[in-house]
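A.B. asks: return atomic coordinates for the entry below.
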Amino acid sequence: MNNWVLFLDDLRSPTKEQKEWAETFPNTQLIIARSSKEAKILTLKMGAPIYIFFDHDLGVDDFMGIDTVMFYLDWLIEMYYDADVGYSIHSANPQGAKNIEAKMNSWKKSKTL
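C.D. replies: Model prediction:
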C-alpha cells in the first residue's frame, strides 16, 4: 500500500498550501477524487489514505443522485475501521462541515473505547 493523501472535492483543486503540506510526507502522493465512488475505488486500490481534505457536497451522480462525502466516509469507517486518518474540511456547506467533523470525532472516539 502506498502513502497517499486524498483531496475529495467535485469542483475545486488543491491549493498550493495543501499540495506543499502533502509533500512534507516522504513518498506520499496527493490524489484528487471528484465523487464518493471515485474515492472508494482509489481506496480499494491503495488502502486507506493517511489524510483527507474534505468537501461535503460532491454534485449529482447519474446513478446515486445527490452525492456527498458522507457516502464515502460511512464506507471508509466500515471497511477500514482501524485506519488512522487525519483530515481537514474545506467545505462551503456549514452543516455539511459539522457532519463531517462529528463523524470523524465519533470514529476516533469509538476506537479508544
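
A.B. asks: can you tell me the closest non-neighbouring residue to R12?
C.D. replies: D55 (6.8 Å; CB to CB, 6 or more residues apart in numbering). Every residue, glycine included, has its C-beta placed from N, CA and C.

A.B. asks: I should have written A48 there, sorry.
C.D. replies: Closest to A48 by CB to CB, 6+ apart is A83, at 3.6 Å.

A.B. asks: that's a strand at that neighbour, yeah?
C.D. replies: No - assessed with DSSP: H, G, I helix; E, B strand; the rest coil, A83 is coil; it does not lie in a strand.

A.B. asks: isn't it up against M46?
C.D. replies: No - if you go by CB atoms under 8 Å, A83 and M46 don't touch, sitting 11.8 Å apart.

A.B. asks: what about the strands in this structure?
C.D. replies: 3-8, 28-33, 51-54, 57-61, 65-68, 86-89 (DSSP state E).

A.B. asks: any idea how far the residue lying closest to D9 once chain neighbours are set aside is from D10?
C.D. replies: Spatial nearest neighbour of D9, chain neighbours left out: D55 (3.8 Å); criterion: CB to CB, 6+ apart. Remark: distance between D55 and D10 (CB to CB, to the nearest Å) = 7 Å.

A.B. asks: so for those two, which sits in the more crowded spot?
C.D. replies: Neighbour totals were compared for D55 and D10, and D55 leads with 23 against 19 (other CB atoms under 10 Å).
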